[in-house]
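[1] fold the following for me, if possible:
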Amino acid sequence: MRRPAPVLVTAATALLLGGCSLLPGGEPGAEPVGTASPVASEAAADPALAAFYDQRLEWADCGGGFECTRLTVPVDYADPTGATASLALVRSRTSATGEDRLGSLVLNPGGPGASGVEYARAAGSVLTDEVREHFDVVGFDPRGVGGSDPLRCLPDEEVDEFLAADPTPDDAAEVRRLQELTAELGEGCVTSGPLAAHVDTRTAAKDLDVLRAALGDDKLTYLGKSYGTYLGALYAEQFPQRVGRLVLDGAIDPSLTGEEVNAGQAAGFEVALRSYVEDCLAGDDCPLSGGTEAALGQVRALLADLDAEPLPTSSGRELTQGLAYYALAYPLYAPSLWPRLTEALTAASAGDGTAMLALADAYAARSADGRYANNSSTVIHAVNCLDRTDEQTPEQVRASVPEFEAASPTFGAFLAWGGLACAEWPVPAVGPAEAVDAAGAGPILVVGTTRDPATPYEWAQGLAGQLDSGRLLTYDGDGHTAYRTGSACVDEAVDAYLLAGELPEEGARC
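    Okay, the predicted model is just below:
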């Protein structure tokens with residue numbers, strides 16, 4: 001979750017989706033095709049927020065069977081009469097009526113920084129047909145993200161430099177350069193405007209409640225994946241009486257410090273890489289050889305070689321060690337991407353970094369012309385550095401590297417040095433990591449995958465155990481998140497909960 005940790009997204013899906021062009025209030029001259037009756041203003045804890053809770057959403061057709069609009073929220077909830085921010089929304093309406101219509105299902109695909117608008121536009125693969133038949137599917141870009149008054153922290157060419165930087169410094173000069181790049185990112189975010197101090201997840205959860213009210217729903221029905229589970233958990237903690245049916249898939253444990261998150265991801269990606277390597281060795285075209293340990297050693301040797309000498313690519317850009325880590329992590333989110341990793345490792349072993357660079361660019365949503373489709377690679381740091389108060393010095397990080405490497409020989413140092421991410425951040429954090437219990441909330445379904453690389457299974461166990469009404473569904477499988485990734489068992493269990501409120505039995509496994 002911290003630089004240089006990989007971005008937390010759903011099963012690689014969010015990074016492959018097409019964009020949604022949104023204009024304030026819809027396209028010029030478009031007539032609204034639907035409005036929502038807002039919940040009464042007493043839903044707002046503070047009467048000063050009533051204007052936000054009472055706002056009417058003017059939806060306009062934006063193509064492909066979707067409607068788009070904007071939601072207005074205060075930049076700072078402590079100053080609701082001050083500056084405001086605009087959030088991009090998209091909706092696909094159900095044709096169901098009466099008791100068959102179950103309200104709105106709000107989606108968040110993760111990140112922090114992934115676009116919920118793009119995710120909702122892929123609802124055909126994100127949700128089952130039955131769920132889409134009964135719910136209006138709503139996606140939103142959280143504050144600071146994508147189409148929602150985004151933070152513009154760095155120009156594209158500086159994002160290139162930031163991502164390509166050496167993530168495992170070997171000397172004091174390389175440590176200073178890593179600190180300088182992070183400081184420049186933070187300064188750029190602050191220059192973007194006052195919103196930079198208010199993109200934390202606790203505040204985004206308040207936006208989620210304003211959205212619920214503006215949609216006309218008494219309670220929130222929500223599917224959050226990866227970082228979206230953290231957003232959902234903090235929503236439940238702040239608004240337990242407004243919790244409807246919440247599915248938190250690929251869960252983050254809110255009680256973990258930044259260092260604990262990085263350590264957990266290091267171990268998770270190591271497990272996922274081992275699964276990939278074993279699968280690769282069983283095939284006919286694997287560039288790795290020998291047993292599993294020998295093959296893992298060959299991957300680590302490639303990364304070490306890149307630290308000393310980057311590989312050339314057909315674009316003229318170099319494949320650095322930093323970019324190679326992203327290239328390696330990206331396919332581990334979904335087994336369907338493993339063949340691409342095999343092809344990239346084959347080319348890299350022959351001295352060509354082009355295919356691995358393409359994987360890194362896909363991860364960062366970078367196109368061949370050097371433009372980034374969104375700000376996910378930078379806004380993630382703005383959110384994370386506000387969410388947790390813990391910071392580490394270079395000396396503390398260096399001391400932690402051996403422990404990280406013992407748990408994850410491949411990713412340990414990479415993620416250990418991620419502890420420097422917030423040391424130079426110019427905006428104070430809003431609070432420490434804390435456990436949640438959401439006392440008084442309705443039943444909440446937590447889904448965990450046993451070999452999830454980005455959100456280890458233990459995190460799902462932790463979140464489900466903290467929540468007073470949490471129920472854990474375990475998926476014994478590979479990849480990041482479980483719902484709609486290939487398990488009929490998981491899909492049926494999640495659908496039963498969303499459609500009928502039926503939770504799986506205690507200890508249920510798929």
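[2] now the strands for the stretch 101-250 of the chain?
    Along the stretch 101-250 of the chain, counting by DSSP state E, counting those that start in this stretch, strands occupy 104-108, 136-140, 220-225, 243-249.
[3] likewise the chain?
    Using DSSP state E, the strands of the chain run over residues 32-34, 59-61, 67-74, 84-92, 104-108, 136-140, 220-225, 243-249, 311-312, 318-319, 444-451, 470-478.
[4] so what's Arg93 closest to, chain neighbours aside?
    In this structure, Arg93 finds its nearest non-sequential neighbour in Asp136, 5.1 Å apart by CB to CB, 6 or more residues apart in numbering. Backbone N, C-alpha and C define where each C-beta goes, glycine included.
[5] that older thread, let me have the strands of the stretch 101-250 of the chain in a markdown table, extended by mean neighbour count, distance to Thr481 and mean pLDDT.
    Formatted as a markdown table, the strands of the stretch 101-250 of the chain follow (neighbours: other CB atoms under 10 Å; distance: least, CB to CB, whole Å; pLDDT from 0 to 100):
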| stretch | mean neighbour count | distance to Thr481 | mean pLDDT |
| --- | --- | --- | --- |
| strand 104-108 | 27 | 12 | 98 |
| strand 136-140 | 26 | 16 | 97 |
| strand 220-225 | 27 | 5 | 98 |
| strand 243-249 | 26 | 5 | 98 |
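[6] out of the ones you listed, which gets nearest to Ser92?
    Evaluated over the strands of the stretch 101-250 of the chain, closeness to Ser92 peaks at strand 136-140, with 4.5 Å, by CB to CB.
[7] quick one: strands adjacent to that closest one?
    Partners of strand 136-140 in the sheet, by DSSP bridges, are strand 84-92 (antiparallel), strand 104-108 (parallel).
[8] the closest residue to Leu463 other than its chain neighbours - how many residues pack around it?
    Take Leu463 and drop its neighbours on the chain: the residue closest to it by CB to CB, 6+ apart is Ala251, 4.4 Å away. Neighbours of Ala251 under the rule other CB atoms under 10 Å: 33.
[9] how far away is Tyr276 from Asp361?
    Distance, Tyr276 to Asp361, using CB to CB, to the nearest Å: 20 Å.
[10] between the two, who's got more neighbours?
    Higher neighbour count among Tyr276 and Asp361: Tyr276, with 25 against 22, using other CB under 10 Å.
[11] quick check: the more buried one vs Ala301, distance?
    From Tyr276 to Ala301 the distance is 16 Å (CB to CB).
[12] what do you get for Glu180?
    29 Å.
[13] and Ser289, by the same measure?
    Taking CB to CB as the measure, Ser289 falls 12 Å from Ala301.
[14] if we can go back for a sec, hmm, the residue nearest to Leu463 is touching Ala460, no?
    Yes - under the criterion of CB atoms under 8 Å, Ala251 makes contact with Ala460 at 4.0 Å.
[15] what's the overlap in contacts for these two?
    Counting by CB atoms under 8 Å, 6 or more residues apart in numbering, the shared contacts of Ala251 and Ala460 are Val446, Val447, Gly448.
[16] most surrounded residue in these?
    In terms of neighbours by other CB under 10 Å, the shared contacts of Ala251 and Ala460 top out with Val447 at 30 neighbours.
[17] that one contacts Arg471, correct?
    No - the criterion here is CB under 8 Å, and Val447 misses it with Arg471 at 9.8 Å.
[18] about what we covered before: out of the strands of the chain, which is closest to Gln265?
    Closest approach to Gln265 among the strands of the chain is made by strand 444-451 (13.2 Å; CB to CB).
[19] list the contacts of the residue nearest to Arg93.
    Residues in contact with Asp136 (CB under 8 Å, 6+ apart) are Arg91, Ser92, Arg93, Thr94, Gly103, Ser104, Leu105, Leu215.
[20] and what of Ser275?
    Going by CB under 8 Å, 6+ apart, Ser275 touches Arg451, Asp478.
[21] which residue of the protein sits farthest from its center?
    Distance from the centre of the chain peaks at Gly290, with 35.4 Å (CA atoms, centre = their mean).
[22] that one and Ser349, how far apart?
    For Gly290 relative to Ser349 (CB to CB), the value is 14 Å.
[23] which non-adjacent residue is nearest Ser376?
    Counting by CB to CB, 6+ apart, Gly113 is the residue found nearest to Ser376 once chain neighbours are left out, at 3.4 Å.
[24] go on, Gly228?
    Leaving out its chain neighbours, the residue that sits closest to Gly228 by CB to CB, 6+ apart is Asn108, at 3.4 Å.
[25] what bridges to the one you found?
    Beta-bridge partners for Asn108, by DSSP bridges, are Gly224.
[26] quick check, it in contact with Leu231.
    Yes - Asn108 is in contact with Leu231 according to CB under 8 Å; the separation is 5.6 Å.
[27] who touches both of the two?
    With contacts taken as CB under 8 Å, 6+ apart, Asn108 and Leu231 have Pro142, Gly224 as neighbours in common.
[28] and the spatially most central residue of the chain, what's its pLDDT?
    Of all residues in the chain, the one closest to the mean position by CA atoms, centre = their mean is Gly111, 1.9 Å from it. You'll see Gly111 listed with a pLDDT of 92.
[29] is it correct that it is in contact with Ile380?
    Yes - here Gly111 reaches Ile380: they are 6.0 Å apart, a contact under CB under 8 Å.
[30] ok, now which ones touch Leu328?
    Taking CB under 8 Å, 6+ apart, we find Leu328 in contact with Leu273, Val299, Leu303, Leu341, Met356, Leu359, Thr410.
[31] in helices, which of these appear?
    Secondary structure from DSSP state H places Leu273, Val299, Leu303, Leu341, Met356, Leu359 of the contacts of Leu328 in helices.
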